[in-house]
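Colleague: how would this look folded up:
(chains A, B and C)
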Amino acid sequence: MHAELEARGSFSALRLRLAPGEEVVADSGALAWQDPGLRCNTSTRGGLFRGLGRKVLAGESFFQNTWSGGEGGGELVLAPGTPGEILRLDLDGEILAEKGAFLAAATTIELDPAWSGLRGLFSEGIFVLRCRGTGPLFLHAWGALEELVLQDEETIVDNGQVVAWEPSLEWRLSHGGRIRNFLFSDQIVLRFSGRGRLWTQSRNPRSLANWVHPFRRVRRRRSDS
Amino acid sequence: MQVRVLDPGAFAHARVRLEPGESFVSEAGAMFRMDPVLDLDVTVRTGGRGGVWTGLGRMLGGDSFFLSTYTATTAPGEVSLAPVLPGELRVLDGTSADAWTCTGGSFLGCGPEIVLEPRFQGLKGLVSGERLFFLEARGPGPLIVAAFGALRAVELQGELTVDTGHLVAFESGISYRIGKAGGSWVQSFLGGERLVLHLEGRGRLLLQSHAPPAFGRALGRLLPPREG
Amino acid sequence: METRLHGNPDYGHLEVRLEAGEAVLAESGAMAWMDSGLELRARMAGGFLRALGRRFLGGESFFLAEYRAPAAATIHLAPSLPGSLREAVLGAEGIWVAPGAFLAAEPEIELRTRFLGWRGLFSGTGPFFLRLQGPGRRVVLASYGALVEEAVDGERIVDTGHLVAWEPGLDFRVTTPGGWKPTLFSGEGLLLRFRGRGRLWLQTRNLPATAAWLGPLLPA
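Modeller: Numbering: from 1, shown residues only, chains lettered A, B, ... in the order given. Alright, predicted model coming up:
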C-alpha cells in the first residue's frame, strides 16, 4: 500500500493507493473521495468494548470499513473529522492510542478497544485502542502533534490531549489538582512515567464539545398530558 | 518566568516556565501538559452583575469564572496551555498604566500581578439577547491571548467597524460603540450581520480571521439537540 | 476591485479594496472588519422560491450581502470554517459551487441554485448547489481544510461534504458505496459519482464528520 499525505500540515488528508485485492481498515465515515471500483465492507473489528461490561457509553462505537482494491487496485483519500495533523507510525510491536484518534491501518494490525476508567469507574476515563502487529498505522490529532521522549521522567497530560504512547511507559489516570470549588468539574489527567515515546495533540476535543454545546438546538419538551 | 508560544502556525500553544516562588494564572481547563512538580489550584472569581455568558471557564448563571493557578514551590517547572479553538497566540506585555481589553473567549492566561475585571455589554432591544463579555486586564506582566484563526494586528488611527466575533483585544486608547453593520436593521439581519462594534481612537487592536459564533452555529446545526 | 488573500492555507481570509462606486457580493455573515461608510444591502440568490428553500431546508441563509463603497474603502471577509481560499476567474461555462464554499464575487455575477433532491438533506451542505456564471468575472471560494484541485477524465466518487466546486464538463449522480450494509453502517455521507472531463475542487475536511466526531463527547 502506498500512502502519502495530501496537503501537508494542519489539514492533511491521507491518500492511499491499493494494489489489486489489497486491503486497508479505516474509521467509518473517513472516506473523502475515491476511484470507483473499490469494495467496502463494514464491521466492528476487535470486538465490542472489552472491559466495559454491559454499560455502553452513549454514542461510542468502533465501526470500521475495510476497503479493498478491485481488479485494477484503486486509490482512496481518507480524511478525519478533526481539523488537525495526521501521524504515521510504522508499527512493529504494540502501541496504545486514544480510540478517537484512529484513522486507518493495514489489516495486519490487530485493533482492540478497551475502556479504562478512573479508579475503575465508568464515568471518567479514556478509551484505549491497543494496536498490535506489523505495518502502517495512521492516527489523527486535534491540533498539532508533538512527540515526547520520556527518559525516566514523569509528566502529566490532560486526558483529552493524549494521542498515543508506547506500552513501555507506566501510565495511570488521576485528578488534575486540588479543587477549591465543588462547582468546577474536575480535570482528568494521565500521568506518564518511565521510558518511552508519547504523542500529544495541542487541542482538547472535550473542551471543544463543551464550547459548542450552547450552539446546539434545544430539544422541545412535550407538555404533560 | 518565561512565556513562549510554540507551534506558532495553525495550532499554537503556550509554554510557561516558572522558577520557585513564581505563579501563573490561566483559564481553567487550559492545562495541556504539566511537570508534576507544579501545584495546580482552581479558584473562582466573581464579577459583573447577573446574566449568562460563555467562553471563559465554565458557563454558569451569575457571572463567575474559574481560573487555574500554577505555582512552582521547591523546583522550577513548566506548564503548557492550550486554548479551545484552533488558531494563533500572542503574548502581550501588560503595563500598570494602561489596560488591554480582551473578549472573554480570547483570554488564555496571565501573570499573577495582572488584575482581571469582567465587563458585560448588552444592546437594549436586541432580539437575540446576546451580550458581549469583555475582560479587562490591567497590570504588569505577560498576558496571553488566543485567536480563532490567524491573528491580525492593526494600528488604529481613526475608525474601524468590526464584527464582534472577530475581535480579540484592544488597548485603552480605543473606545467602542455597539451597532449594526449598515443600512436598516432588517437589511443588517438579512445580510447576515448581527452585532458590530464601531471602534474609534488610537492604539493597538488585535483581530482574528475567523469568528467563533459563526463556526459554533455551523457546527451546532449538525449536532443532536440538547436538553433545554 | 482589488483582492488579496491572507492566511492561506489554514485560515484563509480575504481583503477587498473598493474604489468609489464599486461593490462586492459576499456570503451573508462574512464581513469580518471594514472601514466605516460601506453600505450593506441584502441580495437574493437564484429565484425566490429556490432561495427560500435554501434557508429552510439547508440551514443556509438565503440572502447574500452586497457591500457598496460610496468612497474608496477596504473590507475584510472571512468564511465560517478554517481552511483555504482560492480566487478563480470564470470561463465561458462558469462553475458549480457547494453552498458553503462561496465566499465572495464581483456583483455582476449570475447566481443560480440547483436543487439536489431529498437526499441532499443528509449531506450536511444543504440540498442546493450554486451555479456561478459570468465570463471573466472573479470569484473567491473557501474550503474547510485544505483545497485540492483534481483534473478528472473519467469517473470519481466524492463524499458531498468534501465538495467545493466543479466545472460543468462534469456531471454527477448519487451513488452508494456498494451493498446495503455499507450504506447503513459505513458512516459515509452522501456520495456522488462524477463523470466527464473537467476540474473538481475538493476539501480535506467535512463538517458533518467533525460533528460526528464531537457527538460522543457532548454533554447531554
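
Colleague: Now do the same contact list for residue A:192.
Modeller: The neighbourhood of residue A:192, defined by CB atoms under 8 Å, 6 or more residues apart in numbering or on different chains, consists of A:150, A:154-157, A:165, A:169-171, A:198. Every C-beta, even on glycine, is put in place using the N, C-alpha and C of the backbone.

Colleague: PyMOL command to pick out the buried ones of those?
Modeller: Only the buried entries of those go into this PyMOL selection, using 16 or more other CB atoms under 10 Å in any protein chain shown:
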select buried, chain A and resi 150+155+156+157+165+169+171+198
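
Colleague: Show me where chain A has its helices.
Modeller: A:205-212 (DSSP state H).

Colleague: Give me the helices and strands touching the longest strand belonging to it, please.
Modeller: Across chain A, the longest stretch assigned as strand under DSSP state E is strand A:125-140. Judged by 3 or more CB pairs under 8 Å, 6 or more residues apart in numbering or on different chains; DSSP states H and E, the packing partners of strand A:125-140 are strand A:86-98, strand A:102-106, strand A:109-117, strand A:162-165, strand A:188-201.

Colleague: State the paired neighbours of that strand in the sheet, together with their directions.
Modeller: Strand pairing for strand A:125-140, using DSSP bridges, gives strand A:86-98 (antiparallel), strand A:102-106 (antiparallel), strand A:109-117 (antiparallel).

Colleague: out of these, nearest to residue C:153?
Modeller: strand A:102-106 (27.4 Å; CB to CB).

Colleague: Centre of the chain to the closest one, how far?
Modeller: Relative to its chain's centre, strand A:102-106 lies at 9 Å (CA atoms, centre = their mean, to the nearest Å).

Colleague: Poorly predicted segments of the chain, please.
Modeller: In the absence of a named chain, chain A is used. Filtered on pLDDT under 70, chain A yields the residue ranges A:43-63, A:119-123, A:176-186, A:221-225.

Colleague: nope, chain B please
Modeller: Counting by pLDDT under 70, chain B shows low-confidence ranges at B:44-64, B:96-97, B:122-131, B:181-194, B:228.

Colleague: Would you map the helices across chain B?
Modeller: Under DSSP H, chain B gives helices at B:185-190, B:212-220.

Colleague: show me what contacts the one residue sitting closest to the centre of chain B?
Modeller: Nearest to the mean C-alpha position of chain B, counting by CA atoms, centre = their mean, stands residue B:106 at 2.0 Å. Shown in contact with residue B:106 (CB under 8 Å, 6+ apart): B:145-147, B:168-169, B:208.

Colleague: now with 7 Å?
Modeller: The contact partners of residue B:106, by CB atoms under 7 Å, 6 or more residues apart in numbering or on different chains, come to B:145-147, B:168-169.

Colleague: Would you mind measuring from it to residue A:6?
Modeller: Remark: distance between residue B:106 and residue A:6 (CB to CB, to the nearest Å) = 32 Å.

Colleague: one step back: could you list which of the contacts of residue B:106 belong to strands?
Modeller: B:145-146, B:168-169.

Colleague: Which among the strands paired with strand A:125-140 is found nearest to residue A:40?
Modeller: strand A:102-106 (13.1 Å).

Colleague: and that closest one, C-alpha only, in PDB?
Modeller: Taking C-alpha atoms only, strand A:102-106 is exported to PDB below (Å, rounded to 0.1, in the frame of the first residue of the first chain):
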ATOM      1  CA  PHE A 102      -7.700   6.100  14.800                       C
ATOM      2  CA  LEU A 103      -7.800   6.800  11.100                       C
ATOM      3  CA  ALA A 104      -6.600   3.800   9.200                       C
ATOM      4  CA  ALA A 105      -4.300   0.700   9.500                       C
ATOM      5  CA  ALA A 106      -3.000  -2.200   7.400                       C
END
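
Colleague: Around chain B, pick out the residues from chain C.
Modeller: C:6-7, C:10-11, C:13, C:28-29, C:31-36, C:38-42, C:59, C:61, C:63, C:65, C:78, C:80-82, C:124, C:207-208, C:210-211, C:214-215, C:218, C:220 (CB under 7 Å from any CB of the partner chain).

Colleague: Can I have the buried ones of these as a PyMOL selection?
Modeller: In PyMOL, this line selects whichever of these come out buried by 16+ other CB under 10 Å:
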select buried, chain C and resi 7+10+11+13+28+29+31+32+33+34+35+38+40+41+42+61+63+65+78+80+81+82+124+207+208+210+211+214+215+218
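
Colleague: Sitting in strands, which of the residues of chain C next to chain B do you find?
Modeller: Those of those lying in strands (DSSP E): C:6, C:13, C:31-34, C:39-42, C:63, C:65.

Colleague: Which one of the residues you listed is nearest to residue B:82?
Modeller: Using CB to CB, these come closest to residue B:82 at residue C:13, 22.8 Å.

Colleague: Burial-wise, tell me which of the strands paired with strand A:125-140 comes out on top.
Modeller: Among the strands paired with strand A:125-140, strand A:102-106 has the highest mean neighbour count (mean count of other CB atoms under 10 Å in any protein chain shown), at a mean of 24.

Colleague: Contacts for that one next, please.
Modeller: A:1, A:14, A:24-27, A:30, A:78, A:80, A:86, A:111, A:129, A:131, A:135-140.

Colleague: What of stretch B:87-97?
Modeller: Contacts of stretch B:87-97 (CB under 7 Å, 6+ apart): B:3, B:5, B:8, B:12, B:14, B:100, B:108, B:114, B:137-151, B:206, B:208.

Colleague: Inside strands: which ones of those residues?
Modeller: B:3, B:5, B:14, B:100, B:108, B:137-138, B:141-146, B:151, B:206, B:208.

Colleague: ok, of these, which come out buried?
Modeller: B:3, B:14, B:100, B:108, B:137-138, B:141-146, B:151, B:206, B:208.

Colleague: Mind telling me which residue is nearest the centre of chain C?
Modeller: Nearest to chain C centroid, counting by CA atoms, centre = their mean: residue C:101, 1.8 Å.

Colleague: Closest one of the contacts of residue B:106 to chain C?
Modeller: Ranked by distance to chain C (CB to the nearest CB), these are led by residue B:147 at 8.6 Å.
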